[in-house]
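here is my input, please return the structure:
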Amino acid sequence: QVQLQESGPGLVKPSQTLSLTCTVSGGSITTTYYFWTWIRQPPGKGLEWIGYIGYEGSTLYSPSLKSRTSISRDTSKNQFTLQLSSVTPEDTAVYYCARDLNGVAVYDYWGQGTQVTVSS
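So this is what the prediction gives:
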């Protein structure tokens, strides 16, 4: 059974960098052909895809967030990390990590989600 767990600060100040880690258990993040994804849901809005890091280390980001987004991984810890820079209150959301098979936006496992609020 694969499990994903998000961790990181729940409150970030405007202009700072949001950093979240997803710890994966029950499966390796280097297993073909999985893509490890970050998704968010702002209050009252739908899900928004942020980006992913692939089993081989490739990355792909949402065009609207690309200039502020970086996703990296630590294979020794079986973790992947989201960094979103220059945050504003519009980045307030529940952030989820998820596993995507083949990079086609079909998610079979999700973390429980973590609330991040951007406020001074």
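
use CA for all of it now, contacts and neighbours both
Will do.

sec struct for Lys67, please.
Let me fix one detail, which is that residue 67 is Ser and not Lys. What DSSP: H, G, I helix; E, B strand; the rest coil gives for Ser67 is helix.

ok, now Thr37?
strand.

list the contacts of it.
Trp49, Ile50, Gly51, Tyr52, Ile53, Cys97, Ala98, Arg99, Asp100 (CA atoms under 8 Å, 6 or more residues apart in numbering).

ok, now how distant is it from Ser62?
11 Å (CA to CA, to the nearest Å).

identify the contacts common to these two.
With CA under 8 Å, 6+ apart, Thr37 and Ser62 have common neighbours Trp49, Ile50, Gly51.

so the first one makes contact with Pro42?
No. Contact criterion CA atoms under 8 Å: Trp49 and Pro42 do not qualify, at 11.4 Å.

where exactly do the strands run in the protein?
Listed in chain order, the strands of the chain (DSSP state E) span residues 3-7, 11-12, 18-25, 34-41, 48-54, 59-61, 69-74, 79-84, 93-101, 107-110, 114-118.

dump these into CSV; add mean pLDDT as well.
Converted to CSV, the strands of the chain look like this (pLDDT from 0 to 100):
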stretch, mean pLDDT
strand 3-7, 98
strand 11-12, 98
strand 18-25, 98
strand 34-41, 98
strand 48-54, 98
strand 59-61, 97
strand 69-74, 98
strand 79-84, 98
strand 93-101, 97
strand 107-110, 96
strand 114-118, 98
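
so what sits opposite the spatially most central residue of the chain in the bridge?
Among the residues of the chain, the one closest to the centroid is Trp38, at 2.6 Å (CA atoms, centre = their mean). Residues in a beta bridge with Trp38, per DSSP bridges, are Gly51, Cys97.

right, I'll call it a day here.
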